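1. Predicted model follows, preceded by the sequence.
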Amino acid sequence: MSFKKIALIVGSLRKDSFNRKVANTLIKLAPSSLNLEILEIGELSLYNEDLDSNPPAPWTNFRNKLKTFDGVIFLTPEYNRSYTAPIKNALDIGSRPYGQSVWSGKPGAVISVSQGPFGGFGANHHLRQPLVFLNIPVMQQPEAYIGNVASLFDEKGNLINDSTKNFLQKFLEMYSQWVLKNS
């Protein structure tokens, strides 16, 4: 059986980011039908349309790398009831120049991760809005809000909560089906 190559876009650039810990957990839990890889966005300078005629190397590298993926999972914290600026910037860079979007048609999913009890609900739903415009078919169920995340990992970054582990496995199984259906 062949696998689908899936980009993980981590919206927190912090070294000890809980979103990155969840992404690394997803990589470990992925079914054999999915090959997950973090696609870094921290080196992308802010999008500026003036640079489209001669884009910076990190933009070109990001666009070319994203083309090799079959789908994408976004992991975002919630900043001020929204997703993060690095994700917005990555969306803009990948969708430009106009008419040359590398996002279009890639099956997507959103996981919001928060230290608070609501699991980044606002960020999760806000991120879905531009994904619709970018023609990323986003998996609707199961929704993924990981709240109180600081209590779910040990000091080495290992997920220690069995309920969350089981949920993430189910999420990935459903996402695998979503990718096959929307490829």
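-> Structure's in. What do you need?

2. how far out from the middle of the chain is stretch 52-59?
-> Relative to its chain's centre, stretch 52-59 lies at 22 Å (C-alpha atoms, centre = their mean, to the nearest Å).

3. And for stretch 18-29?
-> 11 Å.

4. And for stretch 99-117?
-> 5 Å.

5. could you pull out the helices for this protein?
-> 18-29, 57-67, 85-95, 121-133, 162-181 (DSSP state H).

6. Dump those to a markdown table, plus mean pLDDT.
-> Converted to a markdown table, the helices of the chain look like this (pLDDT from 0 to 100):
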| stretch | mean pLDDT |
| --- | --- |
| helix 18-29 | 98 |
| helix 57-67 | 98 |
| helix 85-95 | 98 |
| helix 121-133 | 96 |
| helix 162-181 | 98 |
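
7. So for the chain, the centremost residue is which one?
-> Note on the chain: the residue nearest the mean C-alpha position is F74, at 1.5 Å, using C-alpha atoms, centre = their mean.

8. list the contacts for that residue?
-> I9, G11, Y83, I87, G108, A109, V110, I111, L127, L131 (C-beta atoms under 8 Å, 6 or more residues apart in numbering). Glycine gets a C-beta too; all of them are placed from N, C-alpha and C.

9. Could you rerun that using 10 Å?
-> Applying C-beta atoms under 10 Å, 6 or more residues apart in numbering, we find F74 in contact with 7-11, 19, 83-84, 87, 90-91, 108-112, 123-124, 127-128, 131, 136, 138.

10. picking up where we left off before, so which of the helices of the chain gets nearest S2?
-> helix 162-181 (10.7 Å; C-beta to C-beta).

11. Just the CA trace of the closest one, in CSV.
-> Written as CSV, here are the backbone C-alpha positions of helix 162-181 (Å, rounded to 0.1, in the frame of the first residue of the first chain):
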residue,chain,number,x,y,z
ASP,A,162,-3.9,8.1,27.0
SER,A,163,-7.2,9.7,26.2
THR,A,164,-5.5,12.4,24.1
LYS,A,165,-3.3,9.7,22.4
ASN,A,166,-6.4,7.7,21.5
PHE,A,167,-8.1,10.8,20.2
LEU,A,168,-5.1,11.7,18.0
GLN,A,169,-4.9,8.2,16.6
LYS,A,170,-8.6,8.3,15.7
PHE,A,171,-8.1,11.8,14.2
LEU,A,172,-5.3,10.5,12.0
GLU,A,173,-7.3,7.4,10.9
MET,A,174,-10.2,9.7,9.9
TYR,A,175,-7.8,12.1,8.2
SER,A,176,-6.3,9.3,6.2
GLN,A,177,-9.8,8.4,4.9
TRP,A,178,-10.4,12.1,4.2
VAL,A,179,-7.2,12.3,2.1
LEU,A,180,-8.1,9.3,0.1
LYS,A,181,-11.6,10.6,-0.5
